[in-house]
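Q: Quick one: sequence and predicted model below, then my questions.
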Amino acid sequence: ATIKVGVIGPFSGPFAHYGKLYKDSVEAYLASQGGKFGGHEVQVLYRDNGGPNPSGTRALAQELIVKDKVDYLGGFVFTPNAMAVAPLITQSKTPTVIFNAATSDITEKSPYFIRTSYTLWQVTVPAARWAHKQGKRKMVTAVTDYAPGVDAETAFKAEFAKLGGAVVESIRMPISTTDFAPFVQRIKASGAQGVYVFLPGGPPNLGFVKAYNENGLRAAGIDFLGSAETDEFDLQKFGDAALGLTTAFHYSAAHDSDANRKFVQALRGQSKDAIANYASVGAWDGMAVIHKMVEATGGKRDGAAAIEAARKLSWESPRGPVSIDPATRHVTQNVYLRKVERSGGELINREVENFGPQPDFGFRK
Amino acid sequence: MNRAGIERALAPSSPLRHCVVIAGIGLCGLLLPDQWPLLARIAVMALFVLSLDLVVGIAGLATLGHVAFFGMGAYAAGIVALRWTADPLLGLAAGAAAGAATAAVSGLLVLRYQGFTFLMLTVAVAQILHSLANKLRGWTGGDDGLSGFAIDPVLGVAPFDLEGKVAYLYALAVLVGSYHVVKHIVDSPFGLSVRGIHQCRPRMPALGTPVARQLWKIYVIAGLFAGMAGAVSAQISGIVGLDSLGFSLSAEALVMLILGGAGRLYGALVGAAIFMVLHHTASSINPYHWLFVIGGLLMVIVLVPRESLASWLRAIPRPWANGARAGRREAA
Amino acid sequence: MNPGGAPLLELQGVVAGYGPVTVLDGLALAVEAGSLTALLGRNGVGKSTTLKAVMGLAQVKAGRILFEGRDITHCRPDERAGLGLGYVPQTRDIFASLSVEENLVAGLKRFPAGDLDQAYALFPRLRERRRNRGNQLSGGEQQMLSVARALLGRPRLLLLDEPLEGLAPVICQELLEAFRRLAAQGGPTMLIVEQQVHEVLAFARQGVILERGSVVHQGDCAQLRTRDDILDRYLGMAVA
Amino acid sequence: MQILANILIDGISYGMVLFIISVGLSITLGLMRFINLAHGAFAMTGGYLAAWFVRIQSWDFAAGVAAAVVLTAALGAVLEAVVLRRLYRRSELDQVLFTIGLAFVFVAATNLVFGPQVQLIPLPPWLAGSVDLGMRTLPMQRVLVIAMGVAVALLCGLVVARSRFGVWLRAAVDNKDAAAALGINIRLVSGLTFAAGCGLAALGGVLGAELMPLEPYYALKYLVLVLVVVAVGGMGSIAGTLAAALLLGVIETASKYLASEYGSLFFFVAMILVLSARPQGLLRRAA
Amino acid sequence: MTLSIRKLDKSFGGLHVTRSVSFDLGRGERVALIGPNGAGKTTLVNLISGTLKPGGGEVLLEGRRLTHLSQARRVACGLARTFQITTLPAHMPVLNQVEMAIHARLGMAHRWWRPFSACREVRDEAWSILERLALEPAAAQAPSGLAYGEQRLVEMALALALRPAVLMLDEPMAGVPRGEGRTVLRALEDLPGSLSILMIEHDMDLVFSFAQRIIVLAEGRIMAEGTPDEIRRHPEVRAAYLGAKS
Ligand SMILES: Nc1ncnc2c1ncn2[C@@H]1O[C@H](COP(=O)(O)OP(=O)(O)OP(=O)(O)O)[C@@H](O)[C@H]1O
Ligand SMILES: Nc1ncnc2c1ncn2[C@@H]1O[C@H](COP(=O)(O)OP(=O)(O)OP(=O)(O)O)[C@@H](O)[C@H]1O
Ligand SMILES: [Mg+2]
Ligand SMILES: [Mg+2]
């Protein structure tokens, strides 16, 4: 039988690049498997929810489940969209793989959720530990004022305090901020040794880093520590301004492994401007999980069995060895400390330290 | 033309007839079992755009902040379901009350102004509520959305099902009921005076019409129905996101309204249906090009004379468009 | 007057109106250079529409409009103004957000700003109100401003739509006096629509009566004043 | 004290950025009464053109910016002559609908041609650095924006309030028929003004790109922001727009320094307060 | 005494337009208000009707202070007016406009369930008003398609529909040709004798044939007040307003 997979993401609107990242990656994975999972034809249906839009997402998922009779769902960039489908997939027993949405407790909302991305707790706790190890005792957090930012701030403060450091100021920057100069001035005035930053992708990253440099924070020795701020998607736009920025994150396109090279190559084969970053690797591994679930159920529609199989998975991802935590159904993975460097004219996130496998520290039950 | 003829030409059409037509078309939707979720969303948007028509088309106040009432209604229904009762009708009432209350309070401020100033003030009100909803995470869930509430069966007998049939019928029933009330209001002496204010605001006080009070009333009524739309949306999707207070929902609703024709009520339903179906189709074919489609459509709508584009819509007359034309012919 | 030559303004079988509405139905009319012509008729017969058609503000569906022998049927209003047409609309059409002085400047076309003094000389009241915005003028002041503004463009043909409406009797007399002076000094030819039939018949030389969009009577004013039958039939009044 | 100075410095320089991206709209919306929601699209066009000239074609920065402004103005003039002119007499809602549709098409086309990534306009060395103010530094680019903002405000203010062209323009906006009957060439006046509005939009797109980076959604993203500036400033008043931009810039900056967790709450509260006290905007007398 | 004006005062910026104007209007009295352009006649009507807020002074109707009331409330008290420059709902059929005014008078404007067309009495009254002004053929038309003169008649119809105790007419005949002017005049004459009318008009024939009393306003002050004959002979008025001819 043909296996149907519904992928929901923003394919239009300001976040449409996520849709493209998903699609390139999903298609690349399918192509790498010859279009078949365990001998079954795979058909992927893409649906556009245009951005954070839970009620629309729910209707799309409902349609995919009821009308198109999909066996698996995947995608989801934003937390509320994923939350919106939780009751549906529980009712219809549809295994659903989250490629990105990063709030810890989503997987609690339905036993049919699996997540192949990361959570803010997962990457922030190692970052806080590293900062402490570097001798930092006074840090500032500067996060964009929305749920993931608040997660990042809470995680950093909790871990850093536990280690005996002090977060002297916690700045929340409105999501609509374009002028970062005031925040950067506040960081400078706080007298901290470094700043832990969380920003959503795109223009704010550029704006913040520009302000960070222009207002002399780098010169003053206030170190920058972040997570996805130097994301490959617009890394090249930073120019020299990004050199030396440090981030703790689970994936770098420069990860040195055969699996990663294969992944990057598969993407290139799919589309010449395809980009390997956290979203595309999330989608790639998400498809890998669906692949495994199809094999485990022999292509039959059995959500419970599929999830049962997925709980025990571990495999070699482009980001390194990963496994699914049976309790949280969230991926356990290595987190790396990366530094932006120039290599062959391009900027890359060079992994300089491997913190080893990290669970989702944010999952409370 | 004699008096009776003129009166006939000017007589408003019957609310009941409109409602039967709408309900009839709506029930035909039951034949499309796969599309119920979409149809339910169309019904919700149609209700929202209908309430927008009261403000924009009838009272002549261009607003881009109507979403404030929708969002407040949605959050009210969600919070009520999460904390107090899962009964859908009580939630609906709470949503209506929240929408009306928001309109009542904000109307006191914004209705004192006109035109562009009014427009921007409505934007400000919606943006402020958006900021507050984001800030009050404990109540609203912030940008993770307010979720985790379940809704009891409608009237205790019809549980919301996976296929979305009950959700659709529920939304349709609320839409048709609201349309009936709205149509009555628009064709009443009250509605007439609001339209008078629309067309010639400075003149109305001299006719003994308390402009501020009438506008406030219509604003509150619009808020009530927008709140109901929000509540239904929250109940059938089981989640309320910050997007239900977002600027783009206001803008989209305005586009739908003008697409269908402002000031005629049924235009709101037509506009919402066209827009949503188009969006749905376009995004399952090639979502990347949705903006080309909608952008091009908007421009065409404006450039092509609306008479030829929508003459078939005139089958259902606007209360006096026909009369005026008939009278003209008579005079010529 | 130039007897053998073409009239200054000529309308030939003009059909005009607004959108689907047709108001003028085959109107034919000639205005000689230097003449003072009065256009009379009941409410809604199309007097204003005639002037608007000449100025290019109503839609001409058939027929031709000639100015100094030149076909201007398809010219834009501003081109017509450039050719020497001036227009005082019935609704006055003062620019509400402009000051009195700016309203006058708008009428200047290419002429120097010094010309404004001529307007102030004609209507001293306007000088007192020069800083007022258009919507802060009394009805009569607006009328004065509208006339003054049109005169500043030094038109060869001035179209006046009820210029006396809302003016105090003294001002009416002064204005008509001013028009007479202008005419005597070889000023613009005037085509004037007016409800104050007595005054205008005394003032103009030629009278044209409209009924349902076409001319029903044309003749010398002095003569017309005595034709109670015509005045009564077409204007619903008898001259006492 | 330090923080107060910081608020003023950052606030004024942010306000000037707001002004420079709003002044074009202040002309088309405020003066011409044409609800041009495609303003952002023209600004974006200017920005992309400048990026293309300077980055891809390696032109000199000033030349590239000038060319971008002129080309955008020309594009505006063409669009005005071909379609937009027909919309002046139409209802506000029609104008809203058409120009938002136009903006959508611009967004989609930009996305298609240039992709979703941010476009950068490389700065010349003389603009890349910072000026030392003693207590702190200010990026050179902001200094340029402030200078250009003052220059544009003066120039526009003079043309609109003092010149005969300004009278023609305002007359044409007040009453088209009457203006045409007075011999004012409406097409020319409105065409030139619209083109000027687009040119200024382009200038804003280029100079403001530091804070509002160029990406396809630029055309829609900052719309509310510039509308607020124009509304608070008052329709048709260039000086009002400048005052509003500075006021809102300072308020927004102050809230970032003192209470950033409230997001743009204070920005909109300030707008409500100003508009309830002065419904016609900051610098406009009530009619 | 129906309407009493006590020391009304109004300035626009530095311009003192109404200077301590006082007069009374008796029950059923027909008074004309004349004066040079810009004398402040329209402003005075605006002050009385509540369109403008006075700088000082009082307006009393049947002894009741109206000064603090809104314009709409004053209309409800029986004070109606027309406008010098026509302002009408542009796209509403004339019949509906008249009905709307009647609804407002009867306090029906808040009824929100029964259709506006359902009330037969209102309809009939609207028809009779239109008939009186010879506007029946235009009943289904909206003002945007009417000639200016016809629009003036609609203004009048709306004022009559309010059945006021005091009616203020700001140049009701401007733009109405003599022929139709008679229709208006006749309609005015048909009004109940208890109705007081204050009319601004520049057409002296009309003023002299209509008014029982004339008030002359100049530069914001009452310059003269008296019967038509007195005014006709008043030397100052002749110089400032009537001119040589009359
Ligand atoms: N803008 C318009 N649209 C449609 N019809 C119009 C318009 N303006 C005038 N009309 C119609 O054209 C006819 C003639 O109008 P016009 O203004 O020319 O009359 P008029 O002779 O000037 O009357 P008056 O003495 O009242 O000014 C009227 O019956 C009116 O209904
Ligand atoms: N809003 C305003 N602001 C400033 N001045 C004003 C305003 N309204 C009217 N005026 C001035 O007040 C004076 C009186 O105006 P008003 O309209 O009362 O005159 P009027 O007696 O009705 O004249 P007319 O017979 O010409 O209509 C005029 O000189 C006018 O310029
Ligand atoms: Mg006329
Ligand atoms: Mg007056």
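A: That came in fine, so what should we check first? Numbering: from 1, shown residues only, chains lettered A, B, ... in the order given. Ligands and ions are numbered 1, 2, ... in the order given.

Q: only C-alpha atoms for contact and neighbour calcs from this point on.
A: OK.

Q: how about the closest residue to residue C:19 other than its chain neighbours, phi and psi?
A: The shortest distance from residue C:19 to any non-neighbouring residue, by CA to CA, 6 or more residues apart in numbering or on different chains, is to residue C:59 (7.4 Å). Torsion angles at residue C:59 (phi, psi; degrees, to the nearest 10) stand at phi -80, psi 120.

Q: can you check residue D:216 too?
A: When quoted as degrees, to the nearest 10, the phi and psi of residue D:216 stand at phi -60, psi -30.

Q: Then residue D:184?
A: According to degrees, to the nearest 10, residue D:184 has phi -80, psi 130.

Q: Hmm, it is touching residue D:168, no?
A: Yes - Residue D:184 is within contact range of residue D:168, at 6.7 Å (criterion: CA atoms under 8 Å).

Q: and the lowest-mean-pLDDT helix or strand in chain E with ligand 1, contact?
A: For chain E, counting by mean pLDDT, DSSP states H and E, helix E:178-190 ranks last in confidence among helices and strands (a mean of 74). No - counting by CA under 6 Å from any ligand atom, ligand 1 has no neighbours in helix E:178-190; the shortest distance is 9.7 Å.

Q: for stretch E:87-94, same thing?
A: No - contact of stretch E:87-94 with ligand 1 (CA under 6 Å from any ligand atom) is absent, the minimum separation being 10.8 Å.

Q: Mutual contacts of residue D:184 and residue D:168, please.
A: Listed as contacting both residue D:184 and residue D:168 by CA atoms under 8 Å, 6 or more residues apart in numbering or on different chains are residue C:106.

Q: Just the element for residue 65, please.
A: In the absence of a named chain, this looks at chain A. Here residue A:65 sits within helix A:54-66, counting by DSSP states H and E.

Q: wait, chain C
A: Going by DSSP H and E, residue C:65 is in strand C:59-67.

Q: pull the CA atoms of that strand into PDB?
A: Output in PDB follows, covering the C-alpha atoms of strand C:59-67 (Å, rounded to 0.1, in the frame of the first residue of the first chain):
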ATOM      1  CA  GLN C  59     -19.400  63.700 -20.000                       C
ATOM      2  CA  VAL C  60     -20.100  64.700 -23.600                       C
ATOM      3  CA  LYS C  61     -21.600  61.700 -25.500                       C
ATOM      4  CA  ALA C  62     -22.200  63.300 -28.800                       C
ATOM      5  CA  GLY C  63     -21.900  66.600 -30.600                       C
ATOM      6  CA  ARG C  64     -19.100  69.100 -30.700                       C
ATOM      7  CA  ILE C  65     -18.000  72.000 -28.700                       C
ATOM      8  CA  LEU C  66     -16.000  74.700 -30.500                       C
ATOM      9  CA  PHE C  67     -14.000  77.500 -28.800                       C
END
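
Q: so who does residue C:209 touch?
A: C:39, C:40, C:41, C:215, C:216, C:217, C:218, C:234.

Q: SS state for residue E:10?
A: What DSSP: H, G, I helix; E, B strand; the rest coil gives for residue E:10 is strand.

Q: I misspoke; the intended subject was residue A:275.
A: Assignment for residue A:275 (three-state DSSP): coil.

Q: hang on, isn't it packed against residue A:267?
A: Yes - using CA under 8 Å, residue A:275 makes contact with residue A:267 at a distance of 7.3 Å.

Q: So the residue lying farthest from the centre of chain E: helix, strand or coil?
A: Distance from the C-alpha centroid of chain E peaks at residue E:113, with 32.8 Å (CA atoms, centre = their mean). Classification of residue E:113 using three-state DSSP returns coil.

Q: From residue C:206, how far off is it?
A: According to CA to CA, to the nearest Å, residue E:113 and residue C:206 sit 60 Å apart.

Q: one step back: show the pLDDT at the residue nearest to residue C:19.
A: pLDDT for residue C:59: 89.

Q: And residue A:225, by the same measure?
A: 92.

Q: same deal with residue C:238?
A: 45.

Q: count of residues packed around residue 129?
A: Since you didn't name a chain, this refers to chain A. For residue A:129, the tally of surrounding residues (other CA atoms under 10 Å in any protein chain shown) stands at 18.

Q: nope, chain E
A: Residues within reach of residue E:129, counting by other CA under 10 Å, total 21.

Q: What residues of the helix or strand bottoming out on mean pLDDT in chain C count as buried?
A: Ranked by mean pLDDT, DSSP H and E, the weakest helix or strand in chain C is helix C:228-235, scoring a mean of 76. Using 16 or more other CA atoms under 10 Å in any protein chain shown as the test for burial, helix C:228-235 gives C:230, C:231, C:234, C:235.

Q: tell me how far that helix is from the chain's mean position?
A: In terms of CA atoms, centre = their mean, to the nearest Å, the centre of helix C:228-235 is set 23 Å apart from its chain centre.
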